[in-house]
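Engineer: Need a 3D model of the sequence below.
(one chain, ligands or ions: 1)
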Amino acid sequence: MAPQTGLARVPQPAGEGDVMLEQLQYLIAHTAAAGQCGCSECQRYHRVRSVLLEIFGEPRPAKVRDIASPLARAA
Ligand SMILES: [Zn+2]
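Structural biologist: Below you'll find the predicted structure:
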């Protein structure tokens, strides 16, 4: 029995972009409204944000350094 591909799982590159935009807008709206409550959506937002802003250099390395800094714990 052949799997029925092409009905529910049609690869659509353009649609994928729309989904990503939708997700990004959703995450931004969530953090804007909820004020970063720390839920899974907030964590997704931070991950996406760091990746997207990565190409611009390091706009806000303070938080990353704060988390990854071993000196703070060693002291
Ligand atoms: Zn949240």
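Engineer: got the residues of this structure near the ion?
Structural biologist: Listed as neighbours of the ion in the chain under the rule CB under 5 Å from the ion: 34, 37, 39, 41-42. Using the backbone N, CA and C atoms, a C-beta is placed for each residue, glycine as well.
Engineer: try 6 Å this time
Structural biologist: For the chain, the contact set with the ion under CB under 6 Å from the ion comprises 30, 34, 37, 39, 41-42.
Engineer: Make a ChimeraX selection of whichever of the residues you listed turn out to be buried.
Structural biologist: In ChimeraX, a selection of the buried entries from the residues of the chain next to the ion looks like this (16 or more other CB atoms under 10 Å):
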select :30,41,42
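Engineer: min pLDDT across the residues of the chain next to the ion, which one?
Structural biologist: Within the residues of the chain next to the ion, pLDDT reaches its minimum at A34, with 81.
Engineer: was I right about that residue contacting C42?
Structural biologist: Yes - shown here, A34 and C42 form a contact pair, counting by CB atoms under 8 Å, at 7.3 Å.
Engineer: Which helix runs longest in this protein?
Structural biologist: Ranked by residue count and defined by DSSP state H, the top helix of the chain is helix 13-34.
Engineer: Would you mark the buried spots in the helix or strand following that helix?
Structural biologist: Remark: after helix 13-34, the chain's next helix or strand is helix 40-52, criterion DSSP states H and E. Across helix 40-52, burial judged by 16+ other CB under 10 Å covers 41-42, 44-46, 49.
Engineer: contacts for helix 40-52?
Structural biologist: With contact meaning CB atoms under 8 Å, 6 or more residues apart in numbering, helix 40-52 is reached by 23-24, 26-28, 30-31, 34, 36, 64.
Engineer: now it against helix 13-34, angle please.
Structural biologist: Angle between the axes of helix 40-52 and helix 13-34 is 120 degrees (criterion: axes from the mean of the first three to the mean of the last three CA atoms, to 10 degrees).
Engineer: low-scoring pLDDT stretches of this protein, where are they?
Structural biologist: Scanning the chain with the threshold set as pLDDT under 70 gives 1-14, 58-75.
Engineer: any idea how far A32 is from the ion?
Structural biologist: Per CB to the ion, to the nearest Å, A32 is found 11 Å from the ion.
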